[in-house]
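Visitor: next one to model:
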Amino acid sequence: MHAKDILIDAYDRIQEEVHAAVEGLDPDELNARPADDANSIAWLVWHLTRVQDDHVADAAGLEQVWLSEGWEKRFGLDHPSRDTGYGHTPGEVAKTLVESADLLTGYYDAVHEQTLGFLRGLAAKDFERIVDESWDPPVTLGVRLVSVLSDDLQHVGQAAYVRGLLQSAAS
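Guide: Numbering: from 1, shown residues only. As a prediction, the model looks like this:
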């Protein structure tokens, strides 16, 4: 199995978990925060998708689908165009209100397709290419793709946890 096939499988699993975390939830549930300084399911899924979109597009030399496919306008958030949510304060999280699970999964699916399209075209030697020289040591494509994968898994796991909290509080 080639490294790109392993990564494709891993990113497919994130897509499944994103859908499981949000499907069937109404806007109140998506935007609910278990505490004033906690993240909502909507923010967690928006953020993980923005990070994947930003980082993979940068590494691939592509435009973010957030901008190229009009997702920024569809979400209508009061954030700068290229904001990924990194370092958001609780107030900024509270402003990240999403109107539907379909909006979140639609955006994630579009990012996922761009990610898979990029991954499918990679050769083994591509994973060694330096994509970010601002770190010591510089970041290779392989490291960047695993880093995004790790971040996505952490955030989708948090979204699933918040969903569980909401469901147990409702029963």
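Visitor: where along the chain do the strands fall?
Guide: Assigned by DSSP state E, the chain shows strands spanning 130-132, 139-140.
Visitor: mean neighbour count added to those, as TSV?
Guide: C-beta: built from backbone N, CA, C; applies to glycine. Compiled in TSV, these are given as follows (neighbours: other CB atoms under 10 Å):
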stretch	mean neighbour count
strand 130-132	15
strand 139-140	18
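Visitor: need these in TSV (columns: distance to Glu99).
Guide: Shown next, in TSV, are those (distance: least, CB to CB, whole Å):
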stretch	distance to Glu99
strand 130-132	34
strand 139-140	35
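Visitor: quick one: closest of those to Ala123.
Guide: strand 139-140 (13.8 Å; CB to CB).
Visitor: now what about stretch 63-80, what contacts it?
Guide: 46, 50, 53-54, 57, 81-82, 85, 92, 95-98, 103, 106-107, 110-111, 114 (CB atoms under 8 Å, 6 or more residues apart in numbering).
Visitor: one more time with 10 Å, if that's ok
Guide: Applying CB atoms under 10 Å, 6 or more residues apart in numbering, the external contacts of stretch 63-80 come out as 42, 46, 49-50, 52-58, 62, 81-85, 88, 92, 95-99, 103-104, 106-115.
Visitor: if we can go back for a sec, mean pLDDT and distance to Ala170 added to the strands of the chain, as TSV?
Guide: Formatted as TSV, the strands of the chain follow (pLDDT from 0 to 100; distance: least, CB to CB, whole Å):
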stretch	mean pLDDT	distance to Ala170
strand 130-132	95	43
strand 139-140	96	42
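Visitor: for Ser168, which of the ones you listed is the nearest?
Guide: Smallest distance to Ser168 across the strands of the chain (CB to CB): 39.5 Å, for strand 139-140.
Visitor: so what's Ala57 closest to, chain neighbours aside?
Guide: Counting by CB to CB, 6 or more residues apart in numbering, Ala57 lies nearest to Gln64, which is 4.5 Å off, once chain neighbours are set aside.
Visitor: now do the same for that neighbour: its pLDDT.
Guide: Gln64 carries a pLDDT value of 98.
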